[in-house]
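A.B. asks: prediction below, plus the sequence it came from.
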Amino acid sequence: MNLKPISDHIIIEPLKEEEKTKGGIFLPQSAEKERPEQGLVIAVGPGKKEIPMEVKKGDKVIFTKYGPHEIKVGNKEYLIAGQDDILAIIE
């Protein structure tokens, strides 16, 4: 399935956090984890009138913790965020 965001929306694939602590301890799948705040941009909408999009496909971004909406397409989970939910591009 192909996702095509509209307006200033961005589709993000969340980056999984490390499954191992700094001390080398592996965390079980049942360990409570917080929602990730980093992800890879999969698709970008055309933007709003007179407001160009600042991110592009392939950018690694930091976004607000609870701003994006979670969706599931097939077996994959994605986030849909507005451009205002993106805080920074990781270079």
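C.D. replies: Cool, the structure landed. Residues are numbered from 1 along each chain as shown.
A.B. asks: mind listing what Lys49 touches?
C.D. replies: By Cβ atoms under 8 Å, 6 or more residues apart in numbering, Lys49 lies in contact with nothing. Heads up, the C-betas are built off the backbone N, CA and C, glycines and all.
A.B. asks: quick one: it from Ala43, how far?
C.D. replies: Going from Lys49 to Ala43 by Cβ to Cβ, to the nearest Å gives 20 Å.
A.B. asks: repeat for Pro68
C.D. replies: Counting by Cβ to Cβ, the gap from Pro68 to Ala43 is 13 Å.
A.B. asks: show me the contacts for the nearest residue to Ile6 once chain neighbours are set aside.
C.D. replies: Leaving aside its chain neighbours, Ile6 sits nearest to Gly45 (5.2 Å; criterion: Cβ to Cβ, 6 or more residues apart in numbering). The neighbours of Gly45, taking Cβ under 8 Å, 6+ apart as the test, are 4-10, 53.
A.B. asks: tell me how far Gly45 lies from Lys4.
C.D. replies: For Gly45 relative to Lys4 (Cβ to Cβ), the value is 8 Å.
A.B. asks: rewinding a little: by neighbours, which of the contacts of Gly45 wins?
C.D. replies: Ranked by neighbour count (other Cβ atoms under 10 Å), those have Ile10 at the top, with 27 neighbours.
A.B. asks: ok so it is a strand residue?
C.D. replies: Yes: in this structure, Ile10 lies within a strand as judged by DSSP: H, G, I helix; E, B strand; the rest coil.
A.B. asks: isn't Thr64 right up against Gln83?
C.D. replies: No: if you go by Cβ atoms under 8 Å, Thr64 and Gln83 don't touch, sitting 11.6 Å apart.
A.B. asks: the two: which is more packed in?
C.D. replies: More neighbours surround Gln83 than the other of Thr64 and Gln83, with 18 against 13 (other Cβ under 10 Å).
A.B. asks: any idea how far Lys48 is from the residue lying closest to His69 once chain neighbours are set aside?
C.D. replies: Spatial nearest neighbour of His69, chain neighbours left out: Ile80 (4.9 Å); criterion: Cβ to Cβ, 6+ apart. Distance, Ile80 to Lys48, by Cβ to Cβ: 16 Å.
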